[in-house]
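In: Sequence below, structure please.
(2 chains)
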Amino acid sequence: QSVLTQPPSVSGAPGQTVTISCTGSISNIGAGYDLHWYQQLPGTAPKRLISGNNNRPSGVPDRFSGSQSGTSSSLVITGLQAEDEADYYCQAYDRRLSGWVFGGGTKLTVL
Amino acid sequence: QVQLQESGPGLVKPSQTLSLTCTVSGGSISSGGYFWSWIRQYPGKGLEWIGYIYSSGTTYYNPSLKSRVTISLDTSENQFSLRLNSVTAADTAVYYCARAGYYGSAIVLWGQGTLVTVSS
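Out: Next up is the predicted model:
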């Protein structure tokens, strides 16, 4: 049981827009800590996708965007491409644990 | 650029101690105030934070693992290490070492991960 809640799977056709939600609590997202998103391709380590309030590292297309409000956050992917098929995780600091918590991961399938 | 590489046994017997080392290349583990961390990923894909050690040597552990975990820095070897005692099959996972700028920041740097299987 992950501390942050994500849907197990989402899907969309090429060119479409999908949204992945991440719900936390008052000890993590709701406490004002930044929520981060990672993309994990099969057999590789997670890679930072979005930091905090919609900050993308260089090399991440602007098709990926994030937003945060209250105890929730969303990752929006527009103009879906086949290469976007991957697992996506959210992560934040939790003051009750004094450490990091993760979502259970969402598998994105591009139809 | 800075890179992380995990090393250690891929197979550990139940009740024994899992020991992994993360070698930092391209930069000094002593420079800057970083959080050097261990994270594991179960076969079913969930990620779990194990703990981290700040550059000063202060450690923070996941409460669910605290009684069994030790993370340490070896500045002379530019490495940091994980020891997990009394392992069971439930500790079978891919173990990643990672680095973040501070506790609230994103995990910017990850090792490639190493699979550790607990089995007799």
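
In: In stretch A:62-80, which residues are buried?
Out: For stretch A:62-80, a neighbour-count test (16 or more other CB atoms under 10 Å in any protein chain shown) marks A:Phe64, A:Ser65, A:Gly66, A:Gln68, A:Thr71, A:Ser72, A:Ser73, A:Ser74, A:Leu75, A:Ile77, A:Leu80 as buried. Glycine gets a C-beta too; all of them are placed from N, C-alpha and C.

In: Out of those, flag the one nearest to chain B.
Out: Using CB to the nearest CB, A:Gly66 is the member of the buried residues of stretch A:62-80 that lies nearest chain B, at 11.0 Å.

In: Does the closest one touch A:Asn53 like I think?
Out: Yes: in this structure A:Gly66 lies within contact range of A:Asn53 using CB atoms under 8 Å: 7.1 Å.

In: helices or strands up against the lengthiest strand in chain A?
Out: When chain A is scanned for its longest strand (criterion: DSSP state E), the result is strand A:86-94. On a contact count with 3 or more CB pairs under 8 Å, 6 or more residues apart in numbering or on different chains; DSSP states H and E, strand A:86-94 meets strand A:18-23, strand A:35-40, strand A:72-77, strand A:99-102, strand A:106-110.

In: Who does it pair with, and is each partner parallel or antiparallel?
Out: strand A:35-40 (antiparallel), strand A:99-102 (antiparallel), strand A:106-110 (antiparallel) (DSSP bridges).

In: Can you classify the residue most central in space within chain B by secondary structure?
Out: Most central in chain B under CA atoms, centre = their mean is B:Trp38, positioned 2.6 Å from the mean C-alpha point. The local conformation at B:Trp38, judged by DSSP: H, G, I helix; E, B strand; the rest coil, is strand.

In: Now for the closest residue in space to it that isn't next to it in sequence, how many residues are close by?
Out: The shortest distance from B:Trp38 to any residue other than its chain neighbours is 4.2 Å, reached at B:Ile50 (CB to CB, 6 or more residues apart in numbering or on different chains). B:Ile50 has 24 neighbouring residues, counting by other CB atoms under 10 Å in any protein chain shown.

In: on that earlier part again, so what angle separates the directions of the longest strand of chain A and strand A:72-77?
Out: 150 degrees (axes from the mean of the first three to the mean of the last three CA atoms, to 10 degrees).

In: quick revisit: will you turn the helices and strands packed on strand A:86-94 into TSV that also has mean pLDDT?
Out: Written out in TSV, the entries for the helices and strands packed on strand A:86-94 read as follows (pLDDT from 0 to 100):
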stretch	mean pLDDT
strand A:18-23	98
strand A:35-40	97
strand A:72-77	96
strand A:99-102	97
strand A:106-110	98
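
In: For B:Thr88, find the nearest of the ones you listed.
Out: Closest of the helices and strands packed on strand A:86-94 to B:Thr88 is strand A:99-102, at 21.5 Å (criterion: CB to CB).
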